[in-house]
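A.B. asks: fold the following, please.
(chains A and B)
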Amino acid sequence: MSTEVRETEETTAAEPVRGDRDTPVFRPRADIREGKGGVTLTLEMPGVGPDGVDIDLDRRVLTIRGRGRVTQPEGFRQVYAEYAEGDYERVFTLSEEIDEAAIRAGMANGVLTLELPRAEAAKPRRIEVRAG
Amino acid sequence: MQITPFLAFDADPFDPFAALRRLRSDAARGIPASDRAGAFPAVNLWQGADSIAVTAEIPGIAPADIDITVHDDRVVISGERRPPEAAEDAVWLRRERAYGKFSRAIRLPYRVDPDRVEARFHDGVLKIELQRPEADKPRRIRIASA
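C.D. replies: Residues are numbered from 1 along each chain as shown, chains lettered A, B, ... in the order given. All right, here's what the predicted structure looks like:
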């Protein structure tokens, strides 16, 4: 059985948009792997600490937001830029029920790892057929 | 290894950041960063009083897996991002992140003191502060009155 994880395109901007903090909002790069027990999602959000992440699951719509920290070395002014900093947001639609209470999230070195276990009802079950 | 020259010394040797500012104005004209560099990691440069700071986004790496070397006016950031361990039966549904070895050399506007380099890594963001050697600092010469 396969769990489909679709991106909800209409709510996810590919180009940074202005957030309510007046900072750009980026779409974080994501890896999605599926195993027996469920789906593992990792998202790159450099500059976001463990307390800057907001994960919201509404039915099958998974919304992940990260609040970036601005790096401003003290006593320095910026003279060259290849990347911009800001917040992150990305929305996914899951094709089946996830056991919300069993979701595990970890944030390390700017990468969010989300373990999304299948809900019991959604797991395939073997039905034994007994001789009558 | 990619070498990124940041500077061609020009008219004003006392403003080694002038070339950088021109690059920055390219950025302001809307040329996407990825087209200008395409190198990993992307870096930002900062100017202080006789010091330079380099910041870079390297999410998903352990601080111990980052190597920083400084020689003359060049700083090299290298390392390896290891792919996550996955169960045998795991299937990739989406793969946007990059793994493996990387190396990037950045040429700074001036020589820096390799003994006074401070590097910090926090939430996937690397910050390196480099100092200009005392002997290399430009000096103002006063003309003695006759």
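A.B. asks: residue A:74 belongs to a helix?
C.D. replies: No: per DSSP: H, G, I helix; E, B strand; the rest coil, residue A:74 lies outside any helix segment and is coil.
A.B. asks: give the next helix or strand downstream of the helix or strand bottoming out on mean pLDDT in chain A.
C.D. replies: Sorting the helices and strands of chain A by mean pLDDT, DSSP states H and E puts strand A:17-18 at the bottom, at a mean of 60. For strand A:17-18, the following helix or strand on the C-terminal side (DSSP states H and E) is strand A:24-26.
A.B. asks: in space, what's closest to the spatially most central residue of chain B - neighbours in sequence excluded?
C.D. replies: Of all residues in chain B, the one closest to the mean position by Cα atoms, centre = their mean is residue B:54, 4.2 Å from it. Of all residues not flanking residue B:54 in the chain, residue B:128 sits nearest, at 4.6 Å (Cβ to Cβ, 6 or more residues apart in numbering or on different chains). Any C-beta I mention is one placed from the backbone N, CA and C, and that applies to glycine too.
A.B. asks: point me to the helix or strand that includes the one you found.
C.D. replies: Per DSSP H and E: strand B:125-131 holds residue B:128.
A.B. asks: okay, now the unreliable bits of the chain?
C.D. replies: Picking chain A for this. Confidence mapping of chain A against pLDDT under 70 gives the ranges A:1-4, A:8-21, A:121-127, A:132.
A.B. asks: my question was about chain B, not that one.
C.D. replies: Using pLDDT under 70, the flagged stretches of chain B are B:1-38, B:87.
A.B. asks: for chain A, what's its nearest residue on it.
C.D. replies: With Cβ to the nearest Cβ, the shortest gap between chain B and chain A falls at residue B:124, namely 1.9 Å.
A.B. asks: list the contacts for that residue?
C.D. replies: Residue B:124 sits next to A:44-48, A:109-111, B:57-61 when contact means Cβ atoms under 8 Å, 6 or more residues apart in numbering or on different chains.
A.B. asks: ok so, going back, give me the number of residues near the residue nearest to residue B:54?
C.D. replies: Using other Cβ atoms under 10 Å in any protein chain shown, residue B:128 has 22 neighbouring residues.
A.B. asks: try residue B:66
C.D. replies: 19.
A.B. asks: relative to residue A:81, how far out is the residue nearest to the centre of chain B?
C.D. replies: 12 Å (Cβ to Cβ, to the nearest Å).
A.B. asks: between these two, which contacts overlap?
C.D. replies: B:44-45.
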